[in-house]
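K.L.:
Here's a sequence, model it:
(chains A and B)
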There are 2 protein chains.
Amino acid sequence: MTRLRFAPIPAGLPATVPFTGPETLERRRGVPFVARLGANENGFGPSPKAVEAMARACAEAWKYGDPDNHDLREALAAHHRVAPENIMVGEGIDGLLGVLVRLTVAQGDVVVTSDGAYPTFNFHVAGFGGLLHKVPYRDDAEDPQALTAAARDVGARLVYLANPDNPMGSWHSGALIEAALDELSADSLLVLDEAYAEFAPDDAIPQIDPEDDRVIRFRTFSKAYGLAGARIGYAIGPAKLIAGFDRIRNHFGVNRTAQIGALAALQDNDWLEQTRRNVGAARERISAIAQDNGLTALPSATNFVTIDCGANGDFARKVLAGLSDLGIFARMPGTAPMDRCIRISCGPEAEMAAFAEALPIALAKAREV
Amino acid sequence: MTRLRFAPIPAGLPATVPFTGPETLERRRGVPFVARLGANENGFGPSPKAVEAMARACAEAWKYGDPDNHDLREALAAHHRVAPENIMVGEGIDGLLGVLVRLTVAQGDVVVTSDGAYPTFNFHVAGFGGLLHKVPYRDDAEDPQALTAAARDVGARLVYLANPDNPMGSWHSGALIEAALDELSADSLLVLDEAYAEFAPDDAIPQIDPEDDRVIRFRTFSKAYGLAGARIGYAIGPAKLIAGFDRIRNHFGVNRTAQIGALAALQDNDWLEQTRRNVGAARERISAIAQDNGLTALPSATNFVTIDCGANGDFARKVLAGLSDLGIFARMPGTAPMDRCIRISCGPEAEMAAFAEALPIALAKAREV
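P.N.:
Numbering: from 1, shown residues only, chains lettered A, B, ... in the order given. Reported below is the predicted structural model:
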């Protein structure tokens, strides 16, 4: 017995973490990356109105943020035509997923996700003692039918589904998501991660009553709104479930400047539309670069494009390493067969051009060895 | 069985929260407060260099912050003459306390604190299924001897001690804290909350080897550095314990602009010294206002002054309500006999003058009824 022992659940966890940050890689490399295209950050940046509002707010950083996130919740409720009681704001989807898992998953409860889907969700499930049951992707997409079927089989407490999907960029129609809800067993809650929803076609977004007790949705200001560093996202769900977050969340956890920036970003629809156009053009640019190199870009409803490198995981890992050597920060799916691909975030033309220049060199080098 | 049921621990928690934010009170009042003196925020504000660095960083809020908090950790390690492996940066002390409790407290473990000490720590202990054992204050101060004695009696996993103390502003010598460590049983870890350390006399800070496995210390940028809204604090402790945080923390949880602001704030020692002088003068101003009204201000090693209103909790609550009616946001200790007091944060002269004007009116009204 030592004082430094951990409680049983954390004692049983590996010391690994979901993601290594690009800054850590840069420190290992000794030089900064030329293009930061690995974390699906939005290099087109936040709305200038949000930047201005945040910059103005910095002098008042001595004030704690409003623990109720009142103004932002009201605005989000109006935006989504739901009640403020259906909205919970938190420190990004990452933070909110952690609170949801803690709130709903007891030690030993089973949680269903896709093999290769968002690792941070898995990190939270393991971190609270849940047991992960993984379902394969099907045709490079998460498979709602298989997920709900598995959930019934194993008696899952939660079922995680990202639509659109990360890391593949694939998506399902809203109608198919709604049908999956009807397949859900009476004891399972669907965790619908819509981090990339603003980049998806309108018909990919399901129509869900916020009080539908079968599902909780997650949205973020990190992607379409370009505020990843602000750490602010939100959940939409039944008021009873949303209120549960108050029992355990870090009430004063959201940065005050982020609250102000998110509100300003939400109100600047023109910038969002421009971002969508920029991202759409960058998706085409990345696809063209892939094609120029004899590779296939997968269709994407997100701000990244997943490129099939045409061989196995070892080859794609070599391509990724080659890109890194040339100053391109990218990532790739971690699970076969999706790990034949690399994943490139959409960004401004300078980064796209750097990628276009680096890819043939990285490919040639990967083919050499 | 419903899908919206909570896991057993959160299911057993009350729906109450540690603190109501001033914005919520303002919405209830219908008008903003004149003086924000209730949350020990630092109205003298952050270093202008930190404000400038943060304002410049807002345009790059599209980047996630470095999950390793590398640059800030290095700077903090140099500042405290410890290794970076002894430092963990997180979303304020609140967030870090939650991770520590989760990391070390199993359901049913006993945790010792003082009756009336920081409620957010208690919130986390209850939130992870720990059992709180409370020791009375002694002479308006936390009682290290009683805390360590109780910890031995009940076999405590953690012992919480704030030095200086919130809400009373009292403090112990570093030597006394060091002596308390020697009284700690072999299985207990001291949680030493030093949120207000920068306002305390030098000899109130214990000399502790960072690898001393009996204690983990917590510091923040919220108080002396004026960055409460940035949500950034840090722990100092044995590398093995600090590394444990990586198993469960929200790795990308710290706001990028906050990382940059905290680093700039740490480097501006002149501003810190000026803040200390401003706070010292404001403490004297608050004490003089108390004296002018026939009340006794307690000695303080923090950026607030706790004022004995000279009667019981009911009377102090009336004074507080009267202050609120007059636009002064303040708080008070929640536990007898400390609840005979109100607690006033140090701030610029305009806020002090508003308090000076309101206090006699609030007192007269409290005495009427």
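
K.L.:
what about the spatially closest residue to A:Arg5 that is not a sequence neighbour, neighbour count?
P.N.:
For A:Arg5, ignoring the flanking residues on the chain, the nearest one in space by Cβ to Cβ, 6 or more residues apart in numbering or on different chains is A:Ala11 at 6.8 Å. The way it works is simple: take the backbone N, C-alpha and C, and place the C-beta from them, glycine included. By other Cβ atoms under 10 Å in any protein chain shown, 13 other residues sit near A:Ala11.

K.L.:
So A:Ala11 sits against A:Gly127, correct?
P.N.:
No. Contact between A:Ala11 and A:Gly127 fails when scored by Cβ atoms under 8 Å: they sit 11.8 Å apart.

K.L.:
ok, the residue nearest to A:Arg5 to A:Leu4 distance?
P.N.:
11 Å (Cβ to Cβ, to the nearest Å).

K.L.:
cool, and A:Ala336?
P.N.:
38 Å.

K.L.:
So the two - more neighbours on which side?
P.N.:
The residue with more neighbours, out of A:Ala336 and A:Leu4, is A:Leu4; 16 against 12, by other Cβ under 10 Å.

K.L.:
Might one say that A:Leu189 is in contact with A:Asp212?
P.N.:
No. At 10.5 Å, A:Leu189 does not count as touching A:Asp212 under the criterion of Cβ under 8 Å.

K.L.:
More neighbours: which of these two?
P.N.:
Counted by other Cβ under 10 Å, A:Leu189 and A:Asp212 do not tie: A:Leu189 has more neighbours, with 26 against 16.

K.L.:
what pLDDT does the more buried one get?
P.N.:
pLDDT, A:Leu189: 98.

K.L.:
How about it, nearest residue that isn't a chain neighbour?
P.N.:
B:Arg3 (4.8 Å).

K.L.:
Tell me the residues of the stretch 251-369 of chain A that contact chain B?
P.N.:
Within the stretch 251-369 of chain A, the positions near chain B by Cβ under 8 Å from any Cβ of the partner chain are A:251-258, A:261.

K.L.:
any idea whether the nearest residue to A:Leu263 once chain neighbours are set aside is helix, strand or coil?
P.N.:
With sequence-adjacent residues excluded and distances taken as Cβ to Cβ, 6+ apart, A:Leu263 is closest to A:Leu72, at 5.1 Å. Of the three states, A:Leu72 takes helix under DSSP: H, G, I helix; E, B strand; the rest coil.

K.L.:
Can you give the contact residues for stretch A:145-159?
P.N.:
A:100-101, A:104-106, A:109-114, A:125, A:130, A:133, A:135-136, A:138, A:161, A:180, A:183-185, A:187-191 (Cβ atoms under 8 Å, 6 or more residues apart in numbering or on different chains).

K.L.:
Now which of those residues would you call buried?
P.N.:
A:100-101, A:104-106, A:109-114, A:125, A:130, A:133, A:135, A:161, A:180, A:183-185, A:188-191 (16 or more other Cβ atoms under 10 Å in any protein chain shown).

K.L.:
In strands, which of these appear?
P.N.:
Among the buried ones among the contacts of stretch A:145-159, the members found in strands (DSSP state E) are A:110-114, A:133, A:135, A:161, A:189-191.

K.L.:
which among the residues you listed gets closest to A:Phe33?
P.N.:
A:Ser114 (29.1 Å; Cβ to Cβ).

K.L.:
The closest one: what's it in contact with?
P.N.:
Under the criterion of Cβ under 8 Å, 6+ apart, the neighbours of A:Ser114 are A:134-137, A:142-143, A:147, A:160-161.

K.L.:
That's all I had, so thanks and see you.
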